[in-house]
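Chemist: Sequence first, predicted model second:
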Amino acid sequence: MKTMNRTQMTQMLRRFPGSIVLICAVISVICVQSAAAAQSPQFGPPLGANDGVEYAPRVLRDGGRLVEDTSYDVQNPDLKGNTCFGVAWEKLWHAGQDLYRADGKSTAGAEVSAVADGTVAYANPDLNYPGLVVILEHEAEGGKMFSVYAHLDDNSLQVREGQAVERGDKLGAVLKMAYTGRFPELHPSGDDSHLHFELRRFLNAREIYKNAPDCNGLVAGRGYTHPQRPGEFPSETGGYVDPAEWVAEPGG
């Protein structure tokens, strides 16, 4: 393909002055489209991709008091009991999202789907997390990304390690779980079935808890961090990321 020098380009523009407007318009459209693509979520939802139901973290208030928040990078006042971190549950930072049906019905049995094309990096059919855990590996902006799906029903696993998956493929279904938090009077159904979902830059969490060695041992990790917040753990460049910044709404 021949290229024009500066003199030839100038002559062309003098003969066809409208062409410069067209060129600028085309460049503008390309730039706008590229910017939109860069800002659009790269991943689909882990729940709701195929059933048309809305799912979201559960944020519950009693009057003006926050009593529960299962979003990413928050401390949840609804949690109680001892932890391997040596501090109370409500002091821990949530490393993912706990997703529930937005209509208040039980999330048990909901289909869990791959958020993007990738490979099954971890799927242990014998783990009790409680429930099973699947971890997928993806190629993403900035390098490899791993999506974590926890609390899957023991009998629902649809994939095996090393298997290639596509966005929207079924991985399993959400395990039925009972509520064990601080405020049973605000959870009359007694149901706490949910999907714990994470996005992170690392696969193996077996040895990441240097300040809390009792937490080590699980590839999936503990789902929480302390004292560092998730985006800075286990390192500032190789830690957890906010799913809300990467995952599109169902149908997106």
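Modeler: Right, received. Where do you want to start? Numbers count the residues shown, from 1 in each chain.
Chemist: for residue 246, what are its contacts?
Modeler: With contacts taken as CB atoms under 8 Å, 6 or more residues apart in numbering, residue 246 has the following neighbours: 41-43, 140, 145, 199. Every C-beta, even on glycine, is put in place using the N, C-alpha and C of the backbone.
Chemist: JSON lines for those residues, including secondary structure, distance to residue 241 and neighbour count?
Modeler: As requested, the contacts of residue 246 are arranged in JSON lines below (DSSP: H, G, I helix; E, B strand; the rest coil; distance: CB to CB, whole Å; neighbours: other CB atoms under 10 Å):
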{"residue": "41", "secondary structure": "coil", "distance to residue 241": "12", "neighbour count": "16"}
{"residue": "42", "secondary structure": "coil", "distance to residue 241": "11", "neighbour count": "18"}
{"residue": "43", "secondary structure": "strand", "distance to residue 241": "11", "neighbour count": "22"}
{"residue": "140", "secondary structure": "strand", "distance to residue 241": "9", "neighbour count": "18"}
{"residue": "145", "secondary structure": "strand", "distance to residue 241": "8", "neighbour count": "22"}
{"residue": "199", "secondary structure": "strand", "distance to residue 241": "5", "neighbour count": "26"}
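Chemist: Out of these, flag the one nearest to residue 129.
Modeler: Within the contacts of residue 246, the smallest distance to residue 129 is 17.5 Å, found for residue 199 (CB to CB).
Chemist: so who does the closest one touch?
Modeler: With CB under 8 Å, 6+ apart as the criterion, the residues that contact residue 199 are 43, 96, 145-148, 240-243, 246-247.
Chemist: Which secondary structure element of the protein has the lowest mean pLDDT?
Modeler: Among the helices and strands of the chain, helix 18-39 carries the lowest confidence by mean pLDDT, DSSP states H and E, at a mean of 41.
Chemist: any residues touching the helix or strand following it, and which ones?
Modeler: Next helix or strand after helix 18-39 toward the C-terminus (DSSP states H and E): strand 55-57. Strand 55-57 is contacted by residues 45, 47-48, 69-72, 97-102, 107, 110, 195 when judged by CB under 8 Å, 6+ apart.
Chemist: Neighbouring strands - and their directions - for strand 55-57?
Modeler: Pairing partners of strand 55-57, with direction, according to DSSP bridges: strand 97-101 (antiparallel).
Chemist: For residue 147, grab phi and psi.
Modeler: Here the main-chain torsion angles of residue 147 (degrees, to the nearest 10) amount to phi -110, psi 130.
Chemist: who's it bridged to?
Modeler: For residue 147, the beta-bridge assignment (DSSP bridges) gives partners residue 136, residue 199.
Chemist: Surely it and residue 122 touch.
Modeler: No - the pair residue 147 and residue 122 does not pass the contact test of CB atoms under 8 Å, sitting 10.8 Å apart.
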